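Undergrad: coords below, sequence missing:
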């Protein structure tokens, strides 16, 4: 073991002692039973929808108990940082109303950016070196690769432990010599585990778990030749959770295997460990089974997919809450967003993300909104994702409000064309002359009707068209022309003798529907025509005569 003076010389002379940080970050003044949780994303990639899932669970559990929900950016792996990731975190958490109870850079227990906490980690790393619970390791990449190869050849577990840990019990004189040479080193934690030792802990979701104890001498402080002396994730999160007074760590199940090393570090530093709760990952149904939702394979895995498609935040949160606690899926949206999430009700099998179900929830939610609310939300979404739509909505505000009201206001079963804001063009774009493309007589959407028949029908319709108030009287204009041009009076009659007619009243109606909307499916044709107005109806129908 190195002497204290040699150890202290490795660190800044004015580096505070751990007691300084303990005083700087005292125990929180919170009610009994209050839980302090945290979400700790790394800016090595953009936010996965699982991050929102974990965030809403963390926030809900903390706030239900009168505690605090923190957001901490774990940016110690600076070589893998993705530009713009932190800004995307901010957009995502703001959109889904999951703001942390702290600012990233400041606050009583901040900063909450790990790269800004270097001095804190150095204090505790030095303390472990002084007590012999950590040591300097000068092993090169080549030596580590050789150790791994020999372990694989010997068919023993790989890692840096026991006799394979070549610097674990090195002669202090040899260590001093390497330091004098200026050789780079890392600081490793000296694992106290004996071979075959087991470690158990109680998970707040899964109950009692037991694993082989950690025997690896994990790196806690990265290479001394780095510009910043940053810690590894294992060490940083232990120090931060302690000083931020986090007492409940809710995180993905992929971290279960790391619990033994984390508990060792808490014990070595003299910290009380938090309660751990490991949630199951979000899954996707595939042929023959299911798999984890993948950033690489699944667009719906990323938060930007939901923002880009324009899913309202409320139904997404409702859906995710239902995945966390199944009972919430059966509740009305407003109630589901207020009910508590219980860790004991979280399953251990990964819940399936089903976009069809989500879109159903979203459509039901949008159907409850007023036209003003819908247009405001669509415009806000379009500013970033469909800027060409914004001037149309601004210029045609009255038309837009009337269009959205068609078959939504004053009816028992309102239309649910919108599942997300990106559906607006397809569902309502045809109402706006600026967005509509006129239909020609030979268009395939007319179902193969003879072009001369289409022209003649359209010409007669335009010549005698009247903008009537009564829906039945309005539709009789189409019915009269259908009889004149040889269409069967009903689909049933047409089916009896298809060679005798060009189609039925259905095909005749579709001719006008396609001319007005560009689609074979639309809201009530009378309501569409009244919304468009006489001049626009005639402009569109007349295009068939060209």
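TA: Good, I have the coordinates. These numbers come from a predicted model, not from an experiment.

Undergrad: need the nearest residue in space to residue 225, chain neighbours excluded.
TA: Nearest non-adjacent residue to residue 225, counting by C-beta to C-beta, 6 or more residues apart in numbering: residue 184, 4.0 Å away. C-betas here are computed from N, CA, C, even on glycine.

Undergrad: check what pLDDT that neighbour gets.
TA: Residue 184 carries a pLDDT value of 95.

Undergrad: what residues are up against it?
TA: Residue 184 makes contact with 138, 223-225, according to C-beta atoms under 8 Å, 6 or more residues apart in numbering.

Undergrad: so where's the stretch 301-450 of the chain uncertain?
TA: Residues of the stretch 301-450 of the chain meeting the criterion pLDDT under 70: none.

Undergrad: now do the helices in it.
TA: Ranges of helices within the stretch 301-450 of the chain are 303-309, 313-324, 326-329, 333-338, 355-367, 371-385, 389-395, 397-405, 424-428, based on DSSP state H, counting those that start in this stretch.

Undergrad: export those as JSON lines, with columns for distance to residue 502.
TA: Converted to JSON lines, these look like this (distance: least, C-beta to C-beta, whole Å):
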{"stretch": "helix 303-309", "distance to residue 502": "41"}
{"stretch": "helix 313-324", "distance to residue 502": "45"}
{"stretch": "helix 326-329", "distance to residue 502": "50"}
{"stretch": "helix 333-338", "distance to residue 502": "48"}
{"stretch": "helix 355-367", "distance to residue 502": "37"}
{"stretch": "helix 371-385", "distance to residue 502": "39"}
{"stretch": "helix 389-395", "distance to residue 502": "37"}
{"stretch": "helix 397-405", "distance to residue 502": "32"}
{"stretch": "helix 424-428", "distance to residue 502": "29"}
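
Undergrad: pLDDT weak spots in the protein?
TA: Applying pLDDT under 70 to the chain flags residues 79, 103-107, 227.

Undergrad: right, and the helices of the stretch 301-450 of the chain - which one's nearest residue 450?
TA: Ranking these by their distance to residue 450 (criterion: C-beta to C-beta) puts helix 424-428 first, at 28.9 Å.

Undergrad: where do the helices sit along the stretch 51-200 of the chain?
TA: Under DSSP H, counting those that start in this stretch, the stretch 51-200 of the chain gives helices at 85-95, 118-130, 141-154, 172-181.

Undergrad: now tell me what touches the third one from outside.
TA: What it means is helix 141-154. Helix 141-154 is contacted by residues 139, 157-160, 164, 166 when judged by C-beta under 8 Å, 6+ apart.

Undergrad: ok so, going back, winner for burial among the helices of the stretch 301-450 of the chain?
TA: Greatest average neighbour count among the helices of the stretch 301-450 of the chain goes to helix 313-324 (a mean of 22), per mean count of other C-beta atoms under 10 Å.

Undergrad: so which of the helices of the stretch 301-450 of the chain gets nearest residue 246?
TA: helix 313-324 (19.9 Å).

Undergrad: for the closest one, name the packing helices and strands.
TA: Helix 313-324 sits against helix 49-64, helix 326-329, helix 333-338, helix 355-367, with contacts defined as 3 or more C-beta pairs under 8 Å, 6 or more residues apart in numbering; DSSP states H and E.

Undergrad: need those in a markdown table (columns: distance to residue 449).
TA: Putting these into a markdown table (distance: least, C-beta to C-beta, whole Å) gives the following:
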| stretch | distance to residue 449 |
| --- | --- |
| helix 49-64 | 46 |
| helix 326-329 | 47 |
| helix 333-338 | 45 |
| helix 355-367 | 33 |
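
Undergrad: among those, which is nearest residue 507?
TA: Closest approach to residue 507 among the helices and strands packed on helix 313-324 (C-beta to C-beta): helix 355-367, 29.6 Å.

Undergrad: for that closest one, packing partners?
TA: Judged by 3+ C-beta pairs under 8 Å, 6+ apart, the packing partners of helix 355-367 are helix 313-324, helix 333-338.

Undergrad: determine how far it lies from the middle of the whole chain.
TA: Centroid displacement of helix 355-367 relative to its chain, using C-alpha atoms, centre = their mean, to the nearest Å, is 17 Å.

Undergrad: ok, stretch 254-271 next?
TA: 28 Å.

Undergrad: can you start the count at 865 instead of 1 from here on
TA: Sure, I'll start counting at 865 from here, so that last one is stretch 1118-1135.

Undergrad: and residue 916, how close does it get to residue 1215?
TA: Distance from residue 916 to residue 1215, counting by C-beta to C-beta, to the nearest Å: 14 Å.

Undergrad: and if you look at residue 920?
TA: In terms of C-beta to C-beta, residue 920 sits 13 Å off from residue 1215.

Undergrad: swap in residue 1015?
TA: 38 Å.

Undergrad: which one of the two has more residues nearby?
TA: A direct count of neighbours by other C-beta atoms under 10 Å for residue 1015 and residue 1215 places residue 1215 higher, at 20 against 16.

Undergrad: list the contacts for the closest residue to residue 1124 other than its chain neighbours?
TA: What sits nearest to residue 1124 in space, not counting adjacent residues and going by C-beta to C-beta, 6+ apart, is residue 1078, at 4.1 Å. Taking C-beta under 8 Å, 6+ apart, we find residue 1078 in contact with 1055, 1057, 1063, 1124-1125, 1128.

Undergrad: in terms of contact, does residue 973 touch residue 889 like I think?
TA: Yes - counting by C-beta atoms under 8 Å, residue 889 is a contact partner of residue 973 at 5.5 Å.

Undergrad: so if I had to pick from the two, which one is more boxed in?
TA: More neighbours surround residue 973 than the other of residue 973 and residue 889, with 20 against 17 (other C-beta under 10 Å).

Undergrad: how about that one, phi and psi?
TA: The phi/psi pair for residue 973 (degrees, to the nearest 10) reads phi -120, psi 20.

Undergrad: now the residue nearest to it when sequence neighbours are not counted: how far from residue 1260?
TA: Residue nearest to residue 973 in three dimensions, not counting chain neighbours: residue 1108, with 4.6 Å by C-beta to C-beta, 6+ apart. Distance from residue 1108 to residue 1260, counting by C-beta to C-beta: 51 Å.

Undergrad: ok, the two, which is more surrounded?
TA: Neighbours per residue (other C-beta under 10 Å) separate residue 1108 from residue 1260, with residue 1108 holding more: 21 against 17.

Undergrad: residue contacts, that one?
TA: Neighbour list for residue 1108: 889, 900, 902, 934, 936, 973, 976 [criterion: C-beta under 8 Å, 6+ apart].

Undergrad: let's see it at 7 Å
TA: Residue 1108 sits next to 889, 902, 934, 973 when contact means C-beta atoms under 7 Å, 6 or more residues apart in numbering.

Undergrad: most widely separated two among those?
TA: So, the contacts of residue 1108 by C-beta to C-beta: farthest apart are 889 and 902, at 13.8 Å.

Undergrad: which stretches of the stretch 1065-1214 of the chain form strands?
TA: Remark: strands assigned in the stretch 1065-1214 of the chain by DSSP state E, counting those that start in this stretch are 1071-1076, 1083-1085, 1112-1116, 1139-1143, 1147-1150, 1153-1156.

Undergrad: winner for burial among these?
TA: strand 1083-1085 (a mean of 24).

Undergrad: for that strand, packing partners?
TA: strand 1050-1053, helix 1097-1107 (3 or more C-beta pairs under 7 Å, 6 or more residues apart in numbering; DSSP states H and E).
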